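> This is the structure alone, sequence omitted:
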């Protein structure tokens with residue numbers, strides 16, 4: 001969902017007269033740590049497939065790093081929403097042993113018979129904070145199940161990309 005959100009945000013900004021080259025310097029503190037977060041999250045599925053029972057907790061570590069980076073960049077437009085969405089997902093993941101539960105009903109509604117692995121698990125009656133888990137079926141651009149946190153963080157990312165591509169390289173505070 002995040003990649004689709006980025007593509008949509010860039011496309012909308014271009015249609016509004018934004019410049020793609022303005023994304024070359026995002027002006028964010030500790031941005032390279034975001035790449036570390038992606039690597040850590042990618043490792044979870046690999047490690048879990050090799051029988052490492054602690055692998056889902058690596059996702060928690062990745063989220064802690066991400067939340068730290070977001071905290072340092074809260075002044076950037078859209079970043080508060082991005083951080084809130086990430087925090088909502090983080091809470092669901094921590095409450096459920098390091099993995100995000102996915103609704104079997106939402107999967108069935110979409111015609112999917114996938115058994116989640118790696119960073120996801122099936123939602124059960126024992127799952128905690130079910131309202132924050134992946135319970136929203138989404139067809140476009142491909143069938144997937146998302147969370148409220150996903151929607152909020154993509155909205156924040158969308159606003160950030162709009163601001164960067166349209167503002168000509170200077171950060172403009174959304175609170176003004």
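Structure received. What you see is a predicted model, and the numbers here were worked out from it, not measured in a lab.
> Run a quick neighbour tally on residue 107.
21 (other CB atoms under 10 Å). For the C-beta atoms, the positions are set from N, CA and C on the backbone; glycine is no exception.
> okay but it is in contact with residue 113, surely?
Yes - contact between residue 107 and residue 113 holds when scored by CB atoms under 8 Å: they sit 7.2 Å apart.
> what sits up against the lowest-mean-pLDDT helix or strand in the chain?
When each helix and strand of the chain is scored by mean pLDDT, DSSP states H and E, helix 32-49 comes last, with a mean of 88. The contact list for helix 32-49, computed with CB atoms under 8 Å, 6 or more residues apart in numbering, reads 28, 55-56, 58-59, 61-63, 65-66, 68-69, 117-119.
> Next, the contact list for residue 113, please.
residue 107.
> Which secondary structure element is home to residue 121?
strand 120-122 (DSSP states H and E).
> neighbours of residue 26, just the number please.
15.
> mind listing the helices for the protein?
Listed in chain order, the helices found in the chain under DSSP state H are 2-15, 32-49, 55-72, 79-95, 104-109, 148-166.
> The last one - what's its average pLDDT?
Read that as helix 148-166. Helix 148-166 comes out with an average pLDDT of 97.
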